[in-house]
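*Asks:* Task: produce atomic coordinates for the following.
(one chain, ligands or ions: 1)
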Amino acid sequence: MDQNTPSPGQKPDSLYAKSRKVVPPFEFDQQVANVFQDMISRSVPGYALVLDLIGLATAQYSQMSTNCYDLGCSLGASALKMQQQAAANCKVIAIDNSSAMIEKCKQQFTHLGLTDQIELHCQDINQTPISNASVVVLNYTLQFIEKPARAPLLNKIHQGMCENGVLIVSEKVRHSRTKTQDLLTNLHLDFKRQQGYSELEIAQKRASLETVLIAESEKEHLHRISNAGFSEVSIISKALNFTTFLGIKA
Ligand SMILES: C[S@@+](CC[C@H](N)C(=O)[O-])C[C@H]1O[C@@H](n2cnc3c(N)ncnc32)[C@H](O)[C@@H]1O
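*Replies:* This next block holds a predicted model:
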């Protein structure tokens, strides 16, 4: 899926364009699934680059006859990159707990003739068994997992990975210095304005995510990934407050 090409059934994101009396907490429901490709491309600076990096890392680290997991796959953008670059006989497994996302994702894969090549499951990733994995991707998903469950999830992933496997985690992060955090936030707001979002859309979306997306600092992420047992833990991409981490199972 080319991020600039609309996928079947996808619409432009105008979910927050009308004023709402009450802004409910953000959910990955049918309405969001219908516009998600446009929403994520216009909200996350560097999103397309990160997808390309996932493809490159898959080409380099996937091993023959192993599993590659896309955890929190939404419409399957990362899974597609993995499928295109994976070593021979790899199984790409894409998981999401939103039935609306899984349904849309299935439509994408059917449209691309890939239903036999990518396994799709509607499941809580905290419950997903990980085994024989050479590539595991959490692309902007960990931030939606309850904080106490994040370390156990990474520990489980590490246990289920092969030697020399790669973990990629992308997150919205927050800076520990208030002044720097404000600077990054303001630039992100400008990015969204430049993408055509109105002040009302930006404010309402922000309010809806407030209690749902729990951002942590880069330091917390680096520690957690290292503590799970990964080595060579590093940042491979950073655009404003959106960071992608990589770790290798030695
Ligand atoms: C920001 S989106 C991920 C975007 C996607 N990885 C990509 O690269 O385009 C976060 C996704 O994680 C899913 N998610 C959140 N918590 C989950 C959980 N506990 N189990 C499975 N999926 C989850 C949401 O339904 C949503 O589709």
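*Asks:* what are the ranges of the strands in the protein?
*Replies:* Along the chain, the stretches classed as strands by DSSP state E are 67-71, 91-96, 118-122, 133-139, 161-172, 231-239, 242-248.
*Asks:* on contacts alone, who are the packing partners of the fifth one?
*Replies:* This means strand 161-172. Here strand 161-172 touches helix 47-61, strand 133-139, helix 147-159, helix 218-227, strand 242-248, going by 3 or more CB pairs under 8 Å, 6 or more residues apart in numbering; DSSP states H and E. The C-beta positions use only the backbone N, C-alpha and C, and glycine is treated the same way.
*Asks:* Give me the below-cutoff pLDDT ranges for this protein.
*Replies:* Low-confidence segments of the chain (pLDDT under 70): 1-6.
*Asks:* who in it is up against the ligand?
*Replies:* Contact residues (CB under 6 Å from any ligand atom) of the chain with the ligand: 28, 40, 72-74, 77-78, 95-98, 101, 124-126, 139-141, 144-145.
*Asks:* which of the residues you listed are buried?
*Replies:* By neighbour count, with 16 or more other CB atoms under 10 Å, the residues of the chain next to the ligand hold 28, 40, 72-74, 77-78, 95-98, 101, 125, 139-141, 144-145 as buried.
*Asks:* Let's see which of those residues end up in helices.
*Replies:* Members of those lying in helices (criterion: DSSP state H): Ile40, Ala77, Ser78, Met101.
*Asks:* Quick check: the gap between Glu119 and Phe191.
*Replies:* Going from Glu119 to Phe191 by CB to CB, to the nearest Å gives 35 Å.
*Asks:* who has more neighbours, the two?
*Replies:* Per other CB atoms under 10 Å, whichever of Glu119 and Phe191 has more neighbours is Phe191, with 18 against 14.
*Asks:* Can you tell me how far that one is from the ligand?
*Replies:* Here Phe191 is placed at a distance of 16 Å from the ligand (CB to the nearest ligand atom, to the nearest Å).
*Asks:* Now the closest residue to that residue other than its chain neighbours: phi and psi?
*Replies:* Distances taken as CB to CB, 6 or more residues apart in numbering place Pro45 nearest to Phe191, at 5.2 Å, with adjacent residues excluded. The phi/psi pair for Pro45 (degrees, to the nearest 10) reads phi -60, psi 140.
*Asks:* For Pro45, give me its contacts.
*Replies:* His188, Phe191, Ala239, Leu240, Phe242 (CB atoms under 8 Å, 6 or more residues apart in numbering).
*Asks:* The last one is in contact with Leu49, isn't it?
*Replies:* No - here Phe242 does not reach Leu49: they are 10.2 Å apart, not a contact under CB atoms under 8 Å.
*Asks:* which of the two has more neighbours?
*Replies:* Neighbour totals were compared for Phe242 and Leu49, and Phe242 leads with 22 against 13 (other CB under 10 Å).
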